[in-house]
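Trainee: Structure of the sequence below:
(chains A and B)
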Protein chains: 2
Amino acid sequence: MTYCLAIKVDDGLVFASDSRTHAGVDYASVFSKMHQFDLQGDRFMVLLAAGSLATTQAVVNLIRRDLENSGAHCSLNKAAYLFDAATYVGGISVKVQEQHSLAMQRSGFSAEATFILGGQIAGQPHEIYLIYPQGNYINASPSTPYLQIGETKYGKPILDRMAEAKTSLEDAARCALVSLDSTMRSNISVGPPVEVGIYRADTFKMGHHLNLDTSSKLYSGVQKHWSESIRAGFNSLPRFDWEVQR
Amino acid sequence: MTYCLAIKVDDGLVFASDSRTHAGVDYASVFSKMHQFDLQGDRFMVLLAAGSLATTQAVVNLIRRDLENSGAHCSLNKAAYLFDAATYVGGISVKVQEQHSLAMQRSGFSAEATFILGGQIAGQPHEIYLIYPQGNYINASPSTPYLQIGETKYGKPILDRMAEAKTSLEDAARCALVSLDSTMRSNISVGPPVEVGIYRADTFKMGHHLNLDTSSKLYSGVQKHWSESIRAGFNSLPRFDWEVQR
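Mentor: Residues are numbered from 1 along each chain as shown, chains lettered A, B, ... in the order given. Model (predicted):
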């Protein structure tokens, strides 16, 4: 399993992903699920990937091939809008899945993959898109400024509470870290290291890219502080009537 | 959907459940999912139910019928151990499901139901059992002292952090409330009122049974305090290096 998320705030975008990949429980390994692309100066895009690793690797390879091939029908450099890029990635994903789906089904596996594409093209707003296995997409809205793929439920409550359009980029990144930490605590198929990317709008380059193991000072600091805050908040919750009366 | 949970601590048991039931999105209604039974003085049992409402209602009716019928082959009063009672409930559940499964499948519905049975028989420890739709069961362990059914993921992180064998009954009840609140915030198919039952070991009766709407003083107090604690904890998380340097 996988957990990736992206948050769109007024100031820019935050990307975050775990790195655990497994084929069954006895073959767990570490793969980055956050893919940056070397694009023209007028654009910046990051792709987060969940699902069949064979599918997501093939999709990323084909995206890179199209970038190197000036004759390609479409590419991340040729897309006029970010939603065009999302449609393009969705199209590649569907093709890769179709290529192997029959063989995968025979073996009882799914070739499905889900992506989040985020970024900005000069003159346009920064955006994030969730690309479904079927190739279509949705984008985030001001009232729901985040998108998640993979094992999404454990880490959703903190996003629902804290992620808003006016949240600062750094707070959004901390929110993503807490969301990932909650997920990793509750589901062993989501695991470290954790990658966090911070993109400030109109810069067209990743401002910060962190690759954090749980032993890193930052990650363990956030983890420890958050645990203590939760515990302190919990211990000061209102008492029941009968406790007060005693 | 539904969210029910039970926590087993050294001092006793906590039961909690939401009350939202729906057949599609346009028929949502309120049904209690926490069932108490009028048993002999040497025993106490509570059943939490998730899944097809038709199945869970039939199961509860058949359990009650067996209690009233002294000739019944088995009943919650006749079970020698709590796991016997779990096997008995599982058997009824499977029979009810089989009775309607073909017709349900034809209509594209599932007759499945999942239960948590918790309680105590005199001379034995207090226990909680999760009864699968297939009729078999698992019980909680000292290292995982809680069981959940229905929409379980959103509310799991707080349980993983706070629920331990040595937790007080009241803290376990607050933990259950927070777990339910997180779930209701993130999933509209889980909804109020919330029921919380507190059973102190060796008392053989429910010590406290709360039926809380979100407007109740207790529930809204917990909700407000928890939101504020999360926000305060979040705002005091460690800063990134580049924030400190600024």
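
Trainee: Can you list the neighbours in contact with stretch A:32-42?
Mentor: Defining contact as C-beta atoms under 8 Å, 6 or more residues apart in numbering or on different chains, one finds that stretch A:32-42 is touched by A:2, A:4, A:15, A:17-19, A:45-50, A:56, A:60, A:63-64, A:67, A:76-77, A:121-122, A:195, A:197, A:204, A:206, A:209. Any C-beta I mention is one placed from the backbone N, CA and C, and that applies to glycine too.

Trainee: Check which residues of the longest helix along chain A are buried.
Mentor: In terms of residue count, the longest helix belonging to chain A (DSSP state H) is helix A:82-106. For helix A:82-106, burial by neighbour count (16 or more other C-beta atoms under 10 Å in any protein chain shown) applies to A:82, A:85-90, A:92-94, A:96-97, A:100-101, A:104.

Trainee: Nearest to chain B among the residues you listed?
Mentor: Checking those against chain B with C-beta to the nearest C-beta, the nearest one is A:S101 at 24.1 Å.

Trainee: For the nearest residue to that closest one once chain neighbours are set aside, which residues are in contact?
Mentor: Sequence neighbours aside, A:A111 is the residue nearest to A:S101 in space, at 4.9 Å (criterion: C-beta to C-beta, 6 or more residues apart in numbering or on different chains). The contact partners of A:A111, taken as C-beta under 8 Å, 6+ apart, are A:52, A:54-55, A:96-97, A:100-101, A:104.

Trainee: Against chain B, how distant is A:A111?
Mentor: A:A111 is 25 Å from chain B, where distance means C-beta to the nearest C-beta, to the nearest Å.

Trainee: Could you check the pLDDT of that residue?
Mentor: The score at A:A111 is 92. That number is its pLDDT.

Trainee: Double-check that it belongs to a strand.
Mentor: No: if the criterion is DSSP: H, G, I helix; E, B strand; the rest coil, then A:A111 is coil and not within a strand.

Trainee: quick one, phi/psi of it?
Mentor: Torsion angles at A:A111 (phi, psi; degrees, to the nearest 10) stand at phi -90, psi 10.

Trainee: Going by distance to A:I116, which of the contacts of A:A111 wins?
Mentor: Checking the contacts of A:A111 against A:I116 by C-beta to C-beta gives A:T55 as the nearest, at 15.0 Å.

Trainee: wait, doesn't the closest one sit right on A:S93?
Mentor: Yes: in this structure, A:T55 is within contact of A:S93 by C-beta atoms under 8 Å, at 6.9 Å.

Trainee: Need the residues touching each of those two.
Mentor: By C-beta under 8 Å, 6+ apart, the residues touching both A:T55 and A:S93 are A:A113.

Trainee: So, low pLDDT: which residues of chain A?
Mentor: A:23-26, A:245-246 (pLDDT under 70).

Trainee: Run through the bridge partners of A:Y129.
Mentor: A:L117, A:N139 (DSSP bridges).

Trainee: these two touch, right, it and A:A86?
Mentor: Yes: using C-beta under 8 Å, A:Y129 is in contact with A:A86, at 4.0 Å.

Trainee: Next, show the common contact partners of those two.
Mentor: Shared contacts of A:Y129 and A:A86, counting by C-beta under 8 Å, 6+ apart, come down to A:117, A:137, A:139.

Trainee: from what I can see the first one touches A:I128, true?
Mentor: Yes: with contacts defined as C-beta under 8 Å, A:L117 counts as touching A:I128 at a distance of 7.3 Å.

Trainee: between the two, which one's more packed in?
Mentor: Using other C-beta atoms under 10 Å in any protein chain shown as the criterion, A:L117 and A:I128 rank with A:L117 on top: 30 against 25.

Trainee: Let me see the contact set for the more buried one.
Mentor: A:45-48, A:82, A:85-86, A:89, A:128-129, A:131, A:137.

Trainee: next one: A:G155
Mentor: A:3, A:5, A:148, A:178-180, A:182-183.

Trainee: Just the ones in strands from those, please.
Mentor: A:3, A:5, A:148 (DSSP state E).

Trainee: out of the residues you listed, which is most surrounded?
Mentor: Neighbour-wise, these (other C-beta under 10 Å) top out at A:Y3, 29 neighbours.

Trainee: So what pairs up with it in the strands?
Mentor: With DSSP bridges as the rule, A:Y3 is bridged to A:G150.

Trainee: Any figure for the gap between it and A:A176?
Mentor: According to C-beta to C-beta, to the nearest Å, A:Y3 and A:A176 sit 10 Å apart.

Trainee: wait, isn't A:L13 in contact with A:I7?
Mentor: Yes: A:L13 is within contact range of A:I7, at 7.0 Å (criterion: C-beta under 8 Å).

Trainee: okay, and the common contacts of the two?
Mentor: Taking C-beta under 8 Å, 6+ apart as the criterion, A:L13 and A:I7 both touch A:I128.

Trainee: A:Q120 and chain B, how far apart?
Mentor: 21 Å.

Trainee: how many neighbours does the nearest residue to that residue once chain neighbours are set aside have?
Mentor: Using C-beta to C-beta, 6+ apart and skipping the chain neighbours, the partner closest in space to A:Q120 is A:H126 (4.0 Å). A:H126: 22 surrounding residues under other C-beta under 10 Å.
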